[in-house]
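K.L.:
okay, sequence plus prediction incoming.
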Amino acid sequence: MTAPNTSRTKWSASRAFNAPSPDEIEQYYSGMRAFWHPVMRVQDFPAEEPVGIELLGEQLVLARLNGRIVAMQDLCRHFQAQLSLGEIATRADGQQCLMCKYHGWQYDTDGQCVAIPQLLPDREIPREAKVPTYQVTERHDLIWVCLDETPTFDIPDFPELANPAFHPGPLRVYEPWSASAPRVVMGALDDTHFPWVHEHVLGDRSVVDAPEHKVWRDGRYLMSQYSILQPRNVTIADEHHPEAELDTVTYTNYVGVPNVIRLIKDSGDGRLYAIWLATYPIRYNHTQTFWRVARNYDLDPAHDQTYEDFEDMVRAQDKPIVESQRPWLLPPFWTQLELPLRPADLPLIEYQRWLEELDIMLTV
């Protein structure tokens with residue numbers, strides 16, 4: 001950890017309740033640009049019209065042109081009207097373009113303007129008539145966008161989705177939380193809050209000692225593993241010991257830094273329950289989440305709702321706590337605004353440490 005110096009902005013407890021400065025927000029956005037972010041379920045994307053989205057405070061437009069999805073800045077180069085208000089146009093050569101609704105300028109898959117209806121016959125389209133484009137791909141039934149040319153990591157895996165031994169439930173979209181994406185991920189990574197926030201669901205206040213955490217890095221993942229006693233619930237019920245009130249479960253967490261986490265719950269009897277969470281950082285304090293669970297038992301899709309209701313309950317308990325956390329953006333360790341404790345908070349400490357290395361945590 002780096003000691004504070006006089007060149008840094010002074011941090012104080014009162015600053016925790018204030019909105020971050022424009023420079024701090026920009027630093028957060030800059031650090032998050034080089035990662036893939038999920039922005040929409042593929043099933044929700046209309047086939048024949050553009051869609052406007054916001055990612056890290058930037059307005060983008062998604063459109064399916066010539067069979068593939070493209071992402072552009074949502075501003076026409078002419079008079080800055082939103083391209084997401086436009087339509088998909090097909091040219092004489094059969095190629096599709098995104099047409100601005102204001103004056104009919106058309107943009108190809110590279111963001112280059114290829115048609116200006118008002119242009120005189122002897123004039124060429126200006127080279128500057130081009131809209132910035134961004135990387136976009138489809139994976140795990142989601143549309144992902146990266147604002148940088150070279151992503152820092154690949155999109156995190158979800159192996160249970162393609163594993164025939166598992167039954168994946170539906171891909172869920174939760175309404176945005178008033179929190180930053182790292183705060184949401186930390187809420188899922190944190191286990192010592194179980195007895196307090198999820199009493200009788202994921203924890204019990206008769207057992208509050210922190211488990212022995214194993215934390216390590218494995219390539220693009222931050223890994224953590226621990227075993228705890230957990231109240232009987234639909235994700236871990238052990239039919240061989242129906243009289244037991246608390247069962248031992250082992251969690252193995254795969255954190256695809258900075259915005260995706262996959263949790264595997266092992267009941268010790270071959271039953272595995274996977275939770276996959278991907279965060280969509282709309283703005284620094286506005287984060288949508290995509291959730292999916294998969295299980296290698298009780299494979300009947302008719303039972304999915306039971307598991308979805310359970311996850312909805314857990315999310316509803318987490319939401320007000322995570323939304324209450326300040327400051328909005330994670331402060332540097334040296335500010336001592338937050339006081340994580342070893343060994344109880346070791347997974348969170350290591351997560352924050354990696355964010356700091358990736359220039360996502362504030363250092364101003």
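P.N.:
Perfect, thanks for sending it.
K.L.:
which parts of stretch 58-69 are buried?
P.N.:
Using 16 or more other C-beta atoms under 10 Å as the burial criterion, the residues of stretch 58-69 that qualify are 58, 60-65, 69. To be clear about C-beta, it is placed using only N, CA and C from the backbone, and glycine gets the same treatment.
K.L.:
nope, stretch 222-239 is what I was after
P.N.:
Of the residues in stretch 222-239, those buried (16+ other C-beta under 10 Å) are 222-226, 228-231, 233, 235-236.
K.L.:
show me what the mean pLDDT comes to for the lengthiest helix in the chain.
P.N.:
In the chain, taking DSSP state H as the definition, the longest helix is helix 304-324. Mean per-residue pLDDT for helix 304-324: 97.
K.L.:
what sits up against that helix?
P.N.:
For helix 304-324, contacts defined as C-beta atoms under 8 Å, 6 or more residues apart in numbering pick out 169-170, 172, 174, 177-179, 183-184, 187, 193, 197-198, 201-202, 233-235, 275, 291, 293, 295.
K.L.:
from those, which would you call buried?
P.N.:
169-170, 172, 174, 177-179, 183-184, 187, 197-198, 201-202, 233, 235, 275, 291, 293, 295.
K.L.:
in strands, which of those appear?
P.N.:
In this view, those that belong to strands under DSSP state E are 172, 174, 177, 275, 291, 293, 295.
K.L.:
mind listing the strands in the stretch 1-150 of the chain by residue range?
P.N.:
Secondary structure of the stretch 1-150 of the chain by DSSP state E, counting those that start in this stretch: the strands cover 37-41, 51-55, 58-65, 68-73, 87-90, 96-99, 106-107, 113-115, 133-139, 142-146.
K.L.:
the shortest one pairs with which strands?
P.N.:
Read it as strand 106-107. If you go by DSSP bridges, strand 106-107 pairs up with strand 96-99 (antiparallel), strand 113-115 (antiparallel).
K.L.:
same check, this time on the last one
P.N.:
In the sheet containing strand 142-146, its partner strands are strand 37-41 (antiparallel), strand 133-139 (antiparallel), by DSSP bridges.
K.L.:
need the contact partners of it.
P.N.:
By C-beta under 8 Å, 6+ apart, strand 142-146 touches 33-42, 45, 53, 55, 60, 62, 69, 71, 134-138, 155, 171, 278, 290.
K.L.:
quick one, which of those are buried?
P.N.:
33-41, 45, 53, 55, 60, 62, 69, 71, 134, 136, 155, 171, 278, 290.
K.L.:
for residue 147, give me its contacts.
P.N.:
Residues counted as contacts of residue 147 (C-beta under 8 Å, 6+ apart) are 33-34, 55-56, 58, 134.
K.L.:
show me which pair in the buried residues of stretch 222-239 is furthest apart.
P.N.:
Spanning the widest gap among the buried residues of stretch 222-239 are 222 and 231, at 27.2 Å by C-beta to C-beta.
K.L.:
partners of the closest residue to residue 195 other than its chain neighbours in the sheet?
P.N.:
The shortest distance from residue 195 to any non-neighbouring residue, by C-beta to C-beta, 6 or more residues apart in numbering, is to residue 203 (3.5 Å). Note on residue 203: beta-bridge partners residue 199, judged by DSSP bridges.
K.L.:
tell me how this structure divides into domains.
P.N.:
Following automatic domain parsing, one gets these domains for the chain: 47-146, 159-357.
K.L.:
how about residue 80, what does it touch?
P.N.:
If a contact means C-beta under 8 Å, 6+ apart, then residue 80 has no contacts.
K.L.:
swap in residue 16?
P.N.:
Taking C-beta under 8 Å, 6+ apart, we find residue 16 in contact with 326-327, 331, 337.
K.L.:
do you know the pLDDT at it?
P.N.:
The model reports residue 16 with a pLDDT of 74.
K.L.:
and the gap between it and residue 245?
P.N.:
Residue 16 sits 39 Å away from residue 245, going by C-beta to C-beta, to the nearest Å.
K.L.:
do residue 66 as well
P.N.:
Taking C-beta to C-beta, one finds residue 66 at 59 Å from residue 245.
K.L.:
so which residues of the stretch 151-300 of the chain form helices?
P.N.:
For the stretch 151-300 of the chain, the helices defined by DSSP state H, counting those that start in this stretch occupy 181-189, 194-197.
K.L.:
the closest residue to residue 68 other than its chain neighbours and residue 44: what is the separation?
P.N.:
Leaving aside its chain neighbours, residue 68 sits nearest to residue 109 (7.3 Å; criterion: C-beta to C-beta, 6+ apart). Residue 109 sits 21 Å away from residue 44, going by C-beta to C-beta.
K.L.:
same drill for the two, tell me which one is more crowded.
P.N.:
Higher neighbour count among residue 109 and residue 44: residue 109, with 18 against 11, using other C-beta atoms under 10 Å.
K.L.:
surely the more buried one and residue 65 touch.
P.N.:
Yes - assessed by C-beta atoms under 8 Å, residue 109 is found in contact with residue 65 at 5.1 Å.
K.L.:
what's opposite residue 51 in the beta bridge?
P.N.:
residue 62.
K.L.:
check residue 218 too.
P.N.:
residue 221.
K.L.:
from residue 15, how far out is it?
P.N.:
35 Å.
K.L.:
more neighbours, the two?
P.N.:
Taking other C-beta under 10 Å, residue 218 and residue 15 do not tie; residue 15 has more neighbours (18 against 8).
K.L.:
where does the closest residue to residue 189 other than its chain neighbours sit, in terms of helix or strand?
P.N.:
Once flanking residues are discounted, residue 189 sits nearest to residue 347: 5.2 Å by C-beta to C-beta, 6+ apart. Element membership for residue 347 (DSSP states H and E) is helix 346-357.
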